[in-house]
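1. okay, sequence plus prediction incoming.
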Amino acid sequence: MIEELIRLDVAQLERAYRQRERAVEARVKLPFALRLDGVGFGRALKGFAEPRDERVHRALVQGAMELVKRLSASGAYVVSDEVNALFLGPSLPYAGRVEKLASISASLLSAVASTLLNRQLVFDSRAIPLEDAEDAKRYIAYRARVGLNNFVGSMLHRLGAEVAGVHLAERIAKLESLGVRLAERPAWEWSGSSVFWRLGGRRELAVEDGPWRLIEAIEAYARAPELAQ
């Protein structure tokens, strides 16, 4: 067996399999987002508060901060069980190789969140091409809207008052009629948190509730792209 392994032409095999890798390799161009979603969180986080637990949210925020730093991202938005990392440039990690971006981002977030929460957590990751800064702002607003919708739906379900087929505004009104006012809830529960680079003076990562600070930061990056590094 050892002799057979020794006789293998490693250089030739390396070239052949590398070529096969490149044949299925996908790349993404700037700007883009990486969306990471928790897999099977309902089971994995049994015993934590529902529909939102601050310990889980803060762990995802910490994971998002690591993603932003390690991958030189422009910022991130955390809501529900997902993290959305934005890449506006000029840095393009791993030359835009989707497989590397997805596997490394999911592994990193899983490691951070699992360690902080002492649970085995798994995330998937996908790349979403964006057109420009305006599209990036629209994308974050879209994920915030989905997060709000999910939170309201979960709260109504827990109160035994699900309202199907009606607009979100009507469901929020129904929720308030049952004594649950969004304005009186912690903002991170229904609007998530922004991870963004604080500009002016020393450049540092900051976190604020809601998507708005990240959207404002995107506007600043659009005016001065070098700030997004």
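-> That came in fine, so what should we check first? Residues are numbered from 1 along each chain as shown.

2. isn't there a helix covering Glu21?
-> Yes: assignment of Glu21 by DSSP: H, G, I helix; E, B strand; the rest coil places it within a helix.

3. give me the number of neighbouring residues for it.
-> Counted by other Cβ atoms under 10 Å, the residues lying close to Glu21 total 10. (C-beta placed from N, C-alpha, C; glycine too.)

4. now Lys100
-> Residues near Lys100, counting by other Cβ under 10 Å: 14.

5. nearest residue to it other than its sequence neighbours?
-> Tyr94 (4.0 Å; Cβ to Cβ, 6 or more residues apart in numbering).

6. list the buried ones in the longest helix seen in the chain?
-> Ranked by number of residues, the top helix in the chain under DSSP state H is helix 133-158. Buried residues in helix 133-158, counted by 16 or more other Cβ atoms under 10 Å: 133, 136-137, 139-140, 143-144, 147-148, 150-153, 155-156.

7. name the nearest of the residues you listed relative to Glu54.
-> Distance to Glu54 across the buried residues of helix 133-158 (Cβ to Cβ) is lowest for Phe151, with 13.5 Å.

8. pretty sure that closest one contacts Arg52?
-> Yes: judged on Cβ atoms under 8 Å, Phe151 makes contact with Arg52 at a distance of 6.8 Å.

9. and for those two, which residues touch both?
-> Ser80, Glu189 (Cβ atoms under 8 Å, 6 or more residues apart in numbering).

10. so how far is stretch 6-23 from its chain's centroid?
-> Chain-centre distance of stretch 6-23: 35 Å, with Cα atoms, centre = their mean, to the nearest Å.

11. residues near the residue nearest to Lys100, how many?
-> With other Cβ under 10 Å as criterion, Tyr94 counts 14.

12. phi first, then psi, for it.
-> phi 50, psi 30 (degrees, to the nearest 10).

13. list the contacts of it.
-> Lys100, Leu101, Ile104.

14. now name the helix or strand holding the most centrally placed residue in the chain.
-> Nearest residue to the geometric centre of the chain (Cα atoms, centre = their mean): Val83, 1.8 Å. For Val83, the host element (DSSP states H and E) is strand 82-87.
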